[in-house]
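[1] after the sequence you'll find the predicted model.
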Amino acid sequence: MTQLRKMMLEELQRRNYSQTTVKGYLKIVEAFAKYFHRSPDQLGPEQIRAYQVYLFTGRKLNARTVGHHTAALRFFFCKTLKRAYPIEEVTYPKAPRRLPTILTREEVIRLIDAASNLFHRAMLMTVYSTGMRRAEVCNLKVEDIDSDRMVLHIRQGKGRRDRDVPLSPKLLETLREYWRWMKPTTYLFPGTVNGSRADKPITSKMLWEACQEAAQRAGITKPVSPHLLRHSFATHLVEGGADLPTVQALLGHADLKPTSIYLHLSTRHLKAAGTPLDGAELSSLDQDKRSRRLHKK
């Protein structure tokens, strides 16, 4: 297994996969081998199909997560071991398309005001103001704040792409106050080592916990997470009149299709569309019978 792990690691690194993907893929293949108590190179499509069923029924994972496991296993067998399995043999599970939950503007204000300290407040404001992904916020550096151009530089986000997002004056004011207190050197939001601040990025779990604590204090019952704030950022931009290509660029989407979902969440667009019933000429309600007695045909 050690040699196989080394082979897969080198193949992932050769293709310049992100560190998060590398760790996740290696962990998935290790769990797959452990489940069958055999070296993964001795397994194949039949075991992958059985493992998919286990992930759904045993671990109760959703379709997107099982799809991520499937992608890791296909990478191992097809790219590392060079086994050309057709996708029909190891298919990706069909994922239901659901609209994401979002916060109203009032709920976002309540959430930020309920932050337990300035550290958490600065993080929550950064996520909502920029629409950054959780990993992007964790790896944000002090030097990425460009107050002259009023932008934040996001370096090597998802897909290894750089982008700039607007820096809100309100966010800049908060970050300056936060910097005077925290004095971060490299990473804007430093993590800890043995309970003390260290010059390393925070973990994504810390950002998630900041959202959870603030939501509880604010009395918000929706499942608040950093990604929920990202969805809210995009929806509120669309409701404010921003066009989809602009929102796509700010979110760092490679395609416009995932960005278009925010049209379904924008009340401004939903109200503007109206319904066919609005223009229908119907008879007066006075002509409708109001008896509750059932009539036999």
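    Perfect, I can see it now.
[2] tell me, how many residues neighbour the nearest residue to Ser204 once chain neighbours are set aside?
    Closest residue in space to Ser204, ignoring its immediate chain neighbours: Arg134 at 4.8 Å, by CB to CB, 6 or more residues apart in numbering. Placement of C-beta: from N, CA and C, glycine included. If you count neighbours by other CB atoms under 10 Å, Arg134 ends up with 20.
[3] ok, now how distant is Pro169 from Ser129?
    10 Å (CB to CB, to the nearest Å).
[4] more neighbours, these two?
    Legend: neighbour count by other CB under 10 Å for Pro169 and Ser129, higher for Ser129 (22 against 10).
[5] buried residues in the helix or strand containing the more buried one, which are they?
    Assigned by DSSP states H and E, Ser129 falls within helix 118-130. Neighbour-count burial for helix 118-130, with 16 or more other CB atoms under 10 Å as criterion, is recorded at Phe119, His120, Arg121, Ala122, Met123, Leu124, Met125, Thr126, Val127, Tyr128, Ser129, Thr130.
[6] which one of the residues you listed sits closest to Arg292?
    Set against Arg292, the nearest of these by CB to CB is Tyr128 (50.3 Å).
[7] is it true that the closest one touches His231?
    No: when contacts are counted by CB atoms under 8 Å, Tyr128 is not listed as touching His231 (10.4 Å).
[8] skip the chain neighbours and tell me the closest residue to the most centrally placed residue in the chain.
    By CA atoms, centre = their mean, the chain has its centre lying nearest to His227, at 4.3 Å. Spatially, and ignoring its direct neighbours in sequence, His227 is nearest to Arg134 (6.8 Å; CB to CB, 6+ apart).
[9] helix, strand, or coil at Ala198?
    What DSSP: H, G, I helix; E, B strand; the rest coil gives for Ala198 is strand.
[10] does it touch Thr192 like I think?
    Yes: if you go by CB under 8 Å, Ala198 and Thr192 touch, sitting 6.0 Å apart.
[11] ranges for the strands of the protein?
    Taking DSSP state E as the test, the strands found in the chain are 145-146, 151-154, 163-166, 190-193, 196-201.
[12] so what strands line up beside the first one?
    Strand 145-146 sits in its sheet next to strand 151-154 (antiparallel), going by DSSP bridges.
[13] and the longest one, by the same measure?
    The pairing partners recorded for strand 196-201 under DSSP bridges are strand 190-193 (antiparallel).
[14] other residues contacting the strand it pairs with?
    Strand 190-193 has contacts (CB atoms under 8 Å, 6 or more residues apart in numbering) with Met182, Pro184, Arg197, Ala198, Asp199, Lys200, Pro201, Ile202, Thr203, Met206.
[15] ok, stretch 13-29 next?
    So stretch 13-29 is contacted by 5, 8-9, 12, 40, 68-69, 71-73, 75-76, 79, 135, 158, 160 (CB under 8 Å, 6+ apart).
[16] quick one, which of those are buried?
    5, 8-9, 12, 40, 68-69, 71-73, 75-76, 135, 158.
[17] quick one: pLDDT of the residue nearest to Leu99 when sequence neighbours are not counted?
    Distances taken as CB to CB, 6+ apart put His264 closest to Leu99, at 5.7 Å, once the chain neighbours are dropped. Predicted confidence (pLDDT) for His264: 80.
[18] and the gap between His264 and Phe76?
    With distances taken as CB to CB, His264 is found 36 Å from Phe76.
[19] for Ser39, same thing?
    Distance from Ser39 to Phe76, by CB to CB: 12 Å.
[20] leaving aside the residues adjacent along the chain, what's closest to Met206?
    Nearest non-adjacent residue to Met206 (CB to CB, 6+ apart): Gly191, at 7.0 Å.
[21] next, count neighbours for the one you found.
    Using other CB under 10 Å, Gly191 has 14 other residues around it.
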